[in-house]
Every structure is written in structure tokens, then in C-alpha cells.
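Chemist: how would this look folded up:
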Amino acid sequence: MTQTTSKDVAVAVDVGGTGIKCALVDMAGRVVLTRRFATGRERGPDAVVETILDAAAELADAANADGRRPVAAGVVVPATVDEAAGIARWSANLGFRNVPLRDLVSRRLGLPAALGHDVRAGALAEARLGAGLGTRRMLFVAIGTGIASGFALNGHIDPGAHGAAGEIGHIRVRSGPDALPCGCGARGCVEAYASAASVARAYREAAVSANGHADVSAADVAARVAAGEPLARQVWHTAVDVLADGLLTGIALYDPEVIVLGGGLAEAGDALLDPLRIALQERRTFHELPTLTRAGLGDEAGCLGAALLALDLITTDGAQP
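Modeler: Residues are numbered from 1 along each chain as shown. Next up, the predicted model:
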């Protein structure tokens, strides 16, 4: 165990498809400095890796300049991640193929480093610092451009045997020739109907068919639902039904005390949670339904999760199952 002080901080890097959120996080889990950078994925995966390394180095330099001591680094990415080996195996968003990102960061900063999956890192932060604090079994589901989840047991997230645990968005809940295609190559997946991107797309397609034009986001659809627009309510109802089917599978597998919903679609608040609770109640058989709530950490969850992965490297009191 490394001897730590109040001046010690973790360098946290949360890599997204368009932006990179970075933070210095102290030993108590408090963010003391934030920075943002453009991912620049159009420049190719090698350039993205250089941007990640430069961003981490800039944060470490800022810590030293402020009289703080960077003690470890954590990087989380939207990719299939081999956390034990520290390798980003594959990412459609970033073009990564077997990138040894943990070791690259460690060498650049001269610090121990951890590599994780962005959504599982968000789950870790929500479990230890956010809406799941104090619960033993928590399922975190991020509903954004895609849908993924992380299951926390006593504040510990299991990445799975192949770094692909939690892909709840790719549970197939619809079948037949009319089932929508999913980006994973299958049809009828939760993500194809209930992600923020899918909700916006479904509304646009229906609106074009009805009146010839529509340029809306999922947030716009939620607002139109609140205003009582029939078309928006129809699209929303479909998304909620599919999401409930997917979550019921998650409940059957994990039996969580609480399901925490994050990501862009969860910003709709009760407009999503209330009908989702009803849909789950209608579907339940023997299941005990968990508490359903919004994430508490917002877009800081990924950075905080990256920091927790880093700090677990140098402490012996990280939560274990």
C-alpha cells in the first residue's frame, strides 16, 4: 500500500467519441480540476492515442504546478477492454484494435495506470459515490448513443471473462423480419429501439412519413411527449416497452436492489422513469422489482470511475465483492 497524503490526486481520463473529459481527483473522490479536449477521431486511432497521452500529461503537469502529487492514472474508453492486460481490444467509435493503452499511459506519466470501460467506470462511480451508495447490488444502465450497463456488487464491477460484461443493449427482445437492425449486426436488440439515437431516429422517420420533415433529438422527443404530442408518445411508448423487456432480463440475471439509469435519455427524468416502472410492473412474475432511479453524478461519472480505478491500484481498501 502506498502512503498517501491530502495532496495526492489521481489523473482521470474519460474518452468519448467526440470529447475527452479529464480530471484530477483527490483521495476522497473530490474533483479538484477538470479539462476537456476534442477526441479528433477523424484523424485516426494513432492520433487519438496521442491526444489521450497528451491530455493525461497535461493534467499531471497541472497537478505538480498546483503543489499536488499525481499518484496514479485511470483511463476509460468506449471499447471492449481487457482490464487485466490493460489493452483496448476493439472500439468501433475510436478505431482501436489491441491498443496497450494502460502501459502507454504508465510510461508517459511514470505512474501506475489502470484501463477500464467507460460505462463500467460510470457504474463504479455511481456505486461508491452516487445513486448506488449504500446498496450491495446495483445495476447501472447508460442510455445514450448506445446502451450498456455495469453490475456492482459491494462497489466492485466485474468486467467479465472477455471484457464484455454488461452489454444489455444487445439483448435481443424482438424477432421476425420486421425486427430492427442493430449496429452489432443482429436484429431486435434493445439498443436498436431504446437508445437516445434510436428514439430520435424513430421519431424522424415517423414524422417524415407523416408530414415530410423532422429534425429532432431524443430530448426534443421527450419534450414533445410532455406536451402530449401523439406521434412522440407513440415513439416513446415503443422505446419504454423495449427497455422494460431488456431490464427485466437484467433483473432476472442480477436481482439488483436498485437500477440506476444514466446517459442522455435518463435526463427525461420521470417522463422515462414513471412509464418504465409501470411497464416493469406489468411484466413481472416472480421477480422482486428493484428501486428505479436516475444517476446522481451526471457526466462526471466516467472521470470519477477512472479515478477510482487508479486509486484502487495504490490502496488496499478498494471495495471487493
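Chemist: what residue ranges in this protein score low on pLDDT?
Modeler: 1-3, 209-214, 316-321 (pLDDT under 70).
Chemist: Please parse it into its domains.
Modeler: 8-124+299-312, 134-295 (automatic domain parsing).
Chemist: so can I have a markdown table of those domains showing mean neighbour count?
Modeler: C-beta: built from backbone N, CA, C; applies to glycine. A markdown table is the format used below for the domains of the chain (neighbours: other CB atoms under 10 Å):
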| stretch | mean neighbour count |
| --- | --- |
| domain 8-124+299-312 | 21 |
| domain 134-295 | 19 |
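Chemist: can you map out the strands along this structure?
Modeler: For the chain, applying DSSP state E gives strands covering 8-15, 19-26, 31-38, 69-77, 80-82, 87-90, 97-99, 113-117, 137-143, 147-153, 156-157, 258-262, 291-294.
Chemist: Of all those strands, which one is nearest residue 218?
Modeler: With distances scored as CB to CB, the stretch of these nearest to residue 218 is strand 137-143 (8.9 Å).
Chemist: Extract the C-alpha set from that closest one and format it as CSV.
Modeler: In CSV, the C-alpha atoms belonging to strand 137-143 read as follows (Å, rounded to 0.1, in the frame of the first residue of the first chain):
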residue,chain,number,x,y,z
ARG,A,137,-26.3,-4.9,-5.6
MET,A,138,-26.7,-2.1,-8.2
LEU,A,139,-27.3,-2.3,-11.9
PHE,A,140,-26.2,0.9,-13.8
VAL,A,141,-27.6,1.3,-17.3
ALA,A,142,-26.3,4.1,-19.5
ILE,A,143,-28.8,5.1,-22.3
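Chemist: In contact with the residue nearest in space to the middle of the chain: list those residues for me.
Modeler: Nearest to the geometric centre of the chain sits residue 119, at 2.6 Å (CA atoms, centre = their mean). Shown in contact with residue 119 (CB atoms under 8 Å, 6 or more residues apart in numbering): 78, 140, 142, 148-150, 166.
Chemist: can you rerun that using 6 Å?
Modeler: For residue 119, the contacting residues are 142, 148, 150, by CB atoms under 6 Å, 6 or more residues apart in numbering.
Chemist: How about it: what's its closest non-neighbour residue?
Modeler: Distance criterion CB to CB, 6 or more residues apart in numbering; nearest residue to residue 119, sequence neighbours excluded, is residue 148 at 4.1 Å.
Chemist: Now do the one you found against residue 189, distance only.
Modeler: 12 Å (CB to CB, to the nearest Å).
Chemist: Repeat that for residue 147.
Modeler: From residue 147 to residue 189 the distance is 9 Å (CB to CB).
Chemist: With residue 139 instead?
Modeler: Separation of residue 139 from residue 189 (CB to CB): 18 Å.
Chemist: repeat for residue 279
Modeler: Residue 279 sits 18 Å away from residue 189, going by CB to CB.
Chemist: What of residue 302?
Modeler: 23 Å.
Chemist: Same check on residue 168?
Modeler: Noted for residue 168: a distance of 10 Å to residue 189, by CB to CB.
Chemist: Over to residue 265?
Modeler: Distance, residue 265 to residue 189, using CB to CB: 16 Å.
Chemist: Tell me how far the residue lying closest to residue 219 once chain neighbours are set aside lies from residue 240.
Modeler: Spatial nearest neighbour of residue 219, excluding adjacent residues (CB to CB, 6+ apart): residue 267 at 6.6 Å. As judged by CB to CB, residue 267 and residue 240 stand 15 Å apart.
Chemist: Now do the same contact list for residue 22.
Modeler: Residues counted as contacts of residue 22 (CB under 6 Å, 6+ apart) are 13, 35, 55, 59.
Chemist: can you put those in TSV and add distance to residue 158?
Modeler: Shown next, in TSV, are the contacts of residue 22 (distance: CB to CB, whole Å):
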residue	distance to residue 158
13	22
35	31
55	28
59	28
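Chemist: what's the most distant pair in those?
Modeler: Farthest pair in the contacts of residue 22, by CB to CB: 13 and 35, 9.6 Å.
Chemist: Residue 258 against residue 291, yeah?
Modeler: Yes: using CB atoms under 6 Å, residue 258 makes contact with residue 291 at a distance of 4.4 Å.
Chemist: how close does residue 107 sit to residue 94?
Modeler: For residue 107 relative to residue 94 (CB to CB), the value is 20 Å.
Chemist: show me the contacts for residue 206.
Modeler: residue 231.
Chemist: repeat that with 7 Å
Modeler: Neighbouring residues of residue 206 by CB atoms under 7 Å, 6 or more residues apart in numbering: 231, 235.
Chemist: picking up where we left off before, export the strands of the chain to TSV and tack on distance to residue 226?
Modeler: Rendered in TSV, the data for those read as follows (distance: least, CB to CB, whole Å):
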stretch	distance to residue 226
strand 8-15	30
strand 19-26	28
strand 31-38	30
strand 69-77	33
strand 80-82	37
strand 87-90	39
strand 97-99	43
strand 113-117	33
strand 137-143	18
strand 147-153	22
strand 156-157	34
strand 258-262	18
strand 291-294	16
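Chemist: Since that was my last question, I'll sign off now.
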